[in-house]
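Participant: Okay, structure incoming, though there's no sequence with it:
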């Protein structure tokens, strides 16, 4: 993926914040008691609630196979997104989703070629129609995770060193929160420490998308929860309830 070198203006400059797990655990507990949850295990429902968004039309392909959803794109410098756009229940509008937590498993399937800039991950507050969104991307060649914000013609990015391997499942839990004039993205990978970025700028709301650039990646066990999220998808797994995902994560962090 090619990233713009533009940065947010002085009122929107970003600062990378790395928090200790216990001190920052509340950042992943976006909502609890009244939260809804949308779950997809990609085993039986097809992709009726998802649509493909390609930076170059027709460049990417997404298929549900073998209990996963597999995204593939091999056009240099371009992304393919699988956007969650539920058709049920009636009236669901992901443009209004805010302050939520996403959990998903991801695995790089293809061996990147030397000229590829292979990356994969999530889009949060996904409003590509307005050129506004957040990314959390695993970068294979650069051995890092990128947090990235786009607001119109302005953008900002931060990086965290992370050795990305082919054929390894990564369990990503990410939260996004909007405050009065800022937004915070917080994430954890497997059992690694909690990390986050605090942006002085706002996208405000939007849906969730899976992202692939220059490679083939499998995704599984997708959950998004929050007060603005309706219950839906292929049914909630036994380990997750509308109020349980963040609470369970908080308990796990406290035990460390």
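Facilitator: Everything's here; your move. Note that the structure is predicted; figures quoted are calculated from it, not measured. Numbering: from 1, shown residues only.
Participant: okay, residue 248: pLDDT?
Facilitator: Among the per-residue scores, residue 248 shows a pLDDT of 49.
Participant: I meant to write residue 124 there.
Facilitator: Note on residue 124: pLDDT of 98.
Participant: need the contact list for it.
Facilitator: By C-beta atoms under 8 Å, 6 or more residues apart in numbering, the residues touching residue 124 are 102, 133, 134, 135, 136, 174, 176, 185, 206, 208. Where C-beta positions appear, they are placed from N, C-alpha and C, glycine not excepted.
Participant: from these, which is closest to residue 52?
Facilitator: Minimum distance to residue 52 across these is 14.4 Å, recorded for residue 208 (C-beta to C-beta).
Participant: Would you check that residue 126 makes contact with residue 83?
Facilitator: Yes - the pair residue 126 / residue 83 is scored as a contact, 6.1 Å apart, by C-beta atoms under 8 Å.
Participant: of these two, who's got more company?
Facilitator: Looking at residue 126 and residue 83 with other C-beta atoms under 10 Å, you find the greater number of neighbours at residue 126, namely 26 against 19.
Participant: Tell me both backbone torsions, phi and psi, for that one.
Facilitator: According to degrees, to the nearest 10, the main-chain angles of residue 126 amount to phi -70, psi 100.
Participant: longest strand anywhere in the protein?
Facilitator: Determined from DSSP state E, the single longest strand within the chain is strand 215-226.
Participant: Please work out the average pLDDT along that one.
Facilitator: Strand 215-226 carries an average pLDDT of 96.
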